[in-house]
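Visitor: Need coordinates for the following:
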Amino acid sequence: MLSLKDVSKFIGKKELFRDVSFHVHPADRIGLIGPNGAGKSTLFGIILGSIEPDSGSVAKAGRVRIGWLPQEMAPARGKSVLERATDVCEEAQQLRAELELVQSAIHRENDRRVLTELATRHAAAFEKLEHLVGYNLEARAEKVLEGLGFGANQFTIPATDLSGGLVMRLELARLLLAEPDLLLLDEPTNHLDLESLMWLENYLLNSSSALVLVSHDRTFLNRTVHRIVEIEGGMLQEYAGNYDFYLEEKAKRMEIRMATYKNQQDRIKQLERFIDKNRYNAKTAAQAQSRIKTLEKIEKVEATVAGSEIRFEFPPCARSGKKVIELVNVGKSYGDIQVYSGIDLLVTRGDKIALMGPNGAGKSTLLKLLAGTVRPDSGELSKGLNTTTGYYAQHQWEQLNPEATVFEEALSVSGDILQTQLRALLGAFLFQGDDVFKKTSVLSGGEKARLVLCKLLLQRPNFLLLDEPTNHLDIPSRVVLEKALGEFGGTICFISHDRQFINGVANKILVVKSGGIHLFPGNYDDYVRTWKSRLDDPPQDKAGKQGSNGARSLTAQKRAEAEWRNELFRAKRPVQESIERIERDLDSCHAELESLKERLADTETYRQGKLAVEIQSQYRETQARIDELTGQWEEKMLELEQIEEDFQKEKGLRDLTAQGGIA
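Guide: Numbers count the residues shown, from 1 in each chain. Next comes the predicted model:
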């Protein structure tokens, strides 16, 4: 179907790849991987013919139709969403041209064998054309659009009214409906929520098109490809398996290569020792010359430098109270659209919560409520003691100073961190060597994302709120971030559709569904295995109505949860009131202490006899009172934590009993 032979490409003086060759056969499923900047998109351009290779050739079989989804695309003008999705005229024209060509050949041909081949081609092209523009195209388009997250109410709106993410979904829908012989997809999951991503997985698994896919989503690669092509260091290596197989096989190849390198180096040293010892000895000079020739003929094996595992520690953040933030009966609307009504959520220290749900369900709104960038319309939001928030969203790239270097940007928020330590931290986010002196204006999207995330952690918040932090990050960057957040000592709420990333970071899953929120313990796999089915609709009877047992069970569950929250609230309230009273006293004492400090710093104080002595005495008494109140506060916080733990244990036993012993 497609063949690249000895293809090389330079960008300026930089060599992207040299003498790379590979083939794409019908029904192939290929994952094209490599770090950002390795040349994956350039290779796509060479396949498409929009970029000329510096050497080598690209051969395509017959009239192979290639469909391409780039990372960005302008919205189509003058068409509705459904009209654009069904706009496959270019492909239809190609098929019609092929039909005319075959028909002309049939009229001229007399050989029965050739006529049979031409008739087969004609039937295949005609069937494909019927399928492409036939009566069922619109129905198929609606199903594909729904699978990619469009609502029926969006089918008739102008395509130009769509956001950038929805434009890409629309173009993906159009591409899938065209059913090309070969699909080239460049990061197709960047603008999909988890449900749409899983729909696309299943669609691709059942598609007849060959596929070459660029993706940094490891689970998506594992599910959709059976061959990996890696571009690294200007070389191309192939692996006959999915991404997990690639990791195992690459490690084995590296181990074999290093063993071969070591053996060769040992052999070279033996030869060199013999030559040095015998080349000037008349009796053994001939043997030494023979060894020199042998040495010259040896084809050197280069040592493969494995990507060293990055180890680092971010500056520790201040410890927050047990309660980090709490929403009580919170509602939020945008105009006539109600996003939330009466939701409750308690985030506690050490929680690492992944927010999941379809696009438009309210995940980003919930994150903004927690970050304080939007205010609730009703209900109460309260932060716990010593909670300091760090919020990441992609629009923050715009806040980078285009004239500053990577190092200067990081230095601006690094505080008392030594510059050597700062360089190490930047290295942990893959800014190594001279990369730290790049101006932010020349950074790629992935590099900007990494820099903003690194700056965020350098500011030492103890409560991180991250909206799609893995978008535009390649796999090595995702692994680095995953490790950093896994070792982070604070609390995290984040949105991501990368299932492996969620598994590596989350210890709780919060599902946003139909204006409600549901919090479950564990990571993504735990949620799918244990909890997901319990969020499904209650059982349906044969008439399609909700089963009464399921409805009663759901109502009883909600009532039990409400009763449990009320009991917990009543048990905590006296202790919380004591904590609030102590905190007010502490604020007052700290204000008094600051006032006394100012008076002690004033030279006039020391001119008024015993006044300085009296103020010093008041200062010591106030400091002692602060120490006493701090001790009381710590005791009450421990008491509050114990109440919460006891209630959580009791709730776990209740849930276990209600589920018939199923954990």
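Visitor: so where do the helices sit in the stretch 51-200 of the chain?
Guide: Applying DSSP state H, counting those that start in this stretch to the stretch 51-200 of the chain gives helices spanning 81-85, 89-108, 112-133, 137-147, 164-178, 194-205.
Visitor: Make a markdown table out of these and add distance to residue 493.
Guide: Just so you know, the C-beta spots here come from the backbone N, C-alpha and C atoms, and that holds for glycine as well. Output for those, formatted as a markdown table (distance: least, C-beta to C-beta, whole Å):
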| stretch | distance to residue 493 |
| --- | --- |
| helix 81-85 | 32 |
| helix 89-108 | 44 |
| helix 112-133 | 45 |
| helix 137-147 | 28 |
| helix 164-178 | 21 |
| helix 194-205 | 16 |
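Visitor: Remind me what the helix or strand harbouring residue 272 packs against, helices and strands.
Guide: In the assignment (DSSP states H and E), residue 272 maps to helix 243-278. In terms of contacts (3 or more C-beta pairs under 8 Å, 6 or more residues apart in numbering; DSSP states H and E), helix 243-278 is packed against strand 29-33, helix 218-224, strand 227-232, strand 235-239, helix 285-297.
Visitor: So which residues lie in contact with the first one, not counting its own?
Guide: Contact with strand 29-33 is made by 24, 40, 43, 204, 210-215, 221, 224-231, 242-243, 246, 475, as judged by C-beta atoms under 8 Å, 6 or more residues apart in numbering.
Visitor: And the longest one, by the same measure?
Guide: For helix 285-297, the surrounding residues in contact (C-beta under 8 Å, 6+ apart) are 268, 271-272, 274-275, 278-279, 281.
Visitor: Of the residues you listed, select the buried ones using a PyMOL command.
Guide: Buried residues within those, by 16 or more other C-beta atoms under 10 Å, are selected in PyMOL with:
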select buried, resi 271+274+275+278
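Visitor: Could you pull out the helices in the stretch 501-650 of the chain for me?
Guide: Going by DSSP H, counting those that start in this stretch, the stretch 501-650 of the chain shows helices at 524-526, 532-535, 548-601, 611-658.
Visitor: Out of the ones you listed, indicate the one that is most buried.
Guide: Highest mean neighbour count of those: helix 524-526, a mean of 18 (counted as mean count of other C-beta atoms under 10 Å).
Visitor: Check the offset of that one from the chain's centre.
Guide: 16 Å (C-alpha atoms, centre = their mean, to the nearest Å).
Visitor: Can you list the neighbours in contact with that helix?
Guide: Defining contact as C-beta under 8 Å, 6+ apart, one finds that helix 524-526 is touched by 354, 356, 499, 502-503, 506, 509, 520.
Visitor: 6 Å - rerun?
Guide: For helix 524-526, contacts defined as C-beta atoms under 6 Å, 6 or more residues apart in numbering pick out 499, 502-503.
Visitor: so which of these is the most crowded?
Guide: When neighbours are counted by other C-beta atoms under 10 Å, residue 502 leads those with 25 neighbours.
Visitor: for residue 353, phi and psi?
Guide: phi -100, psi 120 (degrees, to the nearest 10).
Visitor: Around it, how many other residues sit close by?
Guide: For residue 353, the neighbour count with other C-beta under 10 Å is 22.
Visitor: Surely it is in contact with residue 509?
Guide: No: contact criterion C-beta atoms under 6 Å: residue 353 and residue 509 do not qualify, at 7.3 Å.
Visitor: about what we covered before: save the contacts of helix 285-297 as TSV, and put in distance to residue 390 and pLDDT too.
Guide: Compiled in TSV, the contacts of helix 285-297 are given as follows (distance: C-beta to C-beta, whole Å; pLDDT from 0 to 100):
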residue	distance to residue 390	pLDDT
268	53	89
271	59	86
272	57	87
274	63	86
275	62	88
278	68	85
279	66	83
281	72	83
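Visitor: Relative to residue 5, which of the contacts of helix 285-297 is nearest.
Guide: Nearest to residue 5 among the contacts of helix 285-297, counting by C-beta to C-beta, is residue 268 at 33.8 Å.
Visitor: Pull up the gap between that closest one and residue 76, please.
Guide: Residue 268 is 62 Å from residue 76, where distance means C-beta to C-beta, to the nearest Å.
Visitor: can you map out the helices along the stretch 301-450 of the chain?
Guide: Here the stretch 301-450 of the chain has its helices, by DSSP H, counting those that start in this stretch, at 363-371, 406-411, 419-428, 445-458.
Visitor: Could you report the neighbour count for residue 381?
Guide: Residue 381: 15 surrounding residues under other C-beta under 10 Å.
Visitor: In this structure it contacts residue 326, no?
Guide: No: using C-beta under 6 Å, residue 381 is not in contact with residue 326, being 7.3 Å away.
Visitor: thinking again about what came up before, quick check: the farthest pair among the contacts of helix 285-297?
Guide: Those two in the contacts of helix 285-297 that are separated most widely, counting by C-beta to C-beta, are 268 and 281, at 20.8 Å.
Visitor: Residue 199 versus residue 160, what's the distance?
Guide: For residue 160 relative to residue 199 (C-beta to C-beta), the value is 25 Å.
Visitor: Counting neighbours, go ahead and name the busier of the two.
Guide: Set residue 160 next to residue 199 and count neighbours by other C-beta under 10 Å: residue 199 wins out with 18 against 14.
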